[in-house]
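# make a model of this:
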Amino acid sequence: MPIPWAGRVWALPFLTALVPSERYCRERGRRHNTLIDWGRQLVLQVRRWLPERPIVLVADSGFA
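Residues are numbered from 1 along each chain as shown. This next block holds a predicted model:
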């Protein structure tokens, strides 16, 4: 995305997910999904929205 005051193109986040902890899910009797599960769902959603566009996925060390 071109930013008027920046000298280069930036990639801006546009889709995020708040991932509940394992403890939070356990206390509420819910099934816990891992970070990988959530990440996969987000990527699949973007693919549905933009089937012809290349996707560049950037993640932090939480996925390592």
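
# excluding sequence neighbours, find me the nearest residue to residue 41.
residue 17 (7.7 Å; Cβ to Cβ, 6 or more residues apart in numbering). All C-beta atoms are positioned from the backbone trio N, CA, C, and that covers glycine.

# number of residues surrounding the one you found?
Residue 17: 12 surrounding residues under other Cβ atoms under 10 Å.

# touching, it and residue 40? I think so.
No. The criterion here is Cβ atoms under 8 Å, and residue 17 misses it with residue 40 at 10.9 Å.

# which residues in this structure form helices?
Assigned by DSSP state H, the helices in the chain fall at 22-27, 35-49.

# out of the ones you listed, nearest to residue 55?
helix 35-49 (6.0 Å; Cβ to Cβ).

# so for that closest one, what gets flagged as buried?
Residues of helix 35-49 classed as buried by neighbour count (16 or more other Cβ atoms under 10 Å): residue 39.

# give the rounded mean pLDDT of stretch 13-29.
Averaging pLDDT along stretch 13-29 yields 90.

# pull the CA atoms of it into PDB?
C-alpha atoms of stretch 13-29 as PDB (Å, rounded to 0.1, in the frame of the first residue of the first chain):
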ATOM      1  CA  PRO A  13      -2.100  -5.700   8.500                       C
ATOM      2  CA  PHE A  14      -5.800  -6.000   7.600                       C
ATOM      3  CA  LEU A  15      -6.900  -9.200   9.300                       C
ATOM      4  CA  THR A  16      -6.100 -10.300  12.800                       C
ATOM      5  CA  ALA A  17      -7.500 -12.800  15.300                       C
ATOM      6  CA  LEU A  18      -7.600 -12.600  19.100                       C
ATOM      7  CA  VAL A  19      -6.700 -16.200  20.100                       C
ATOM      8  CA  PRO A  20      -7.900 -17.300  23.500                       C
ATOM      9  CA  SER A  21      -5.400 -19.100  25.700                       C
ATOM     10  CA  GLU A  22      -5.700 -22.800  26.500                       C
ATOM     11  CA  ARG A  23      -6.600 -21.900  30.100                       C
ATOM     12  CA  TYR A  24      -9.400 -19.600  29.100                       C
ATOM     13  CA  CYS A  25     -10.900 -22.300  26.900                       C
ATOM     14  CA  ARG A  26     -10.500 -25.000  29.600                       C
ATOM     15  CA  GLU A  27     -12.300 -22.800  32.200                       C
ATOM     16  CA  ARG A  28     -15.200 -22.300  29.900                       C
ATOM     17  CA  GLY A  29     -15.400 -25.800  28.600                       C
END
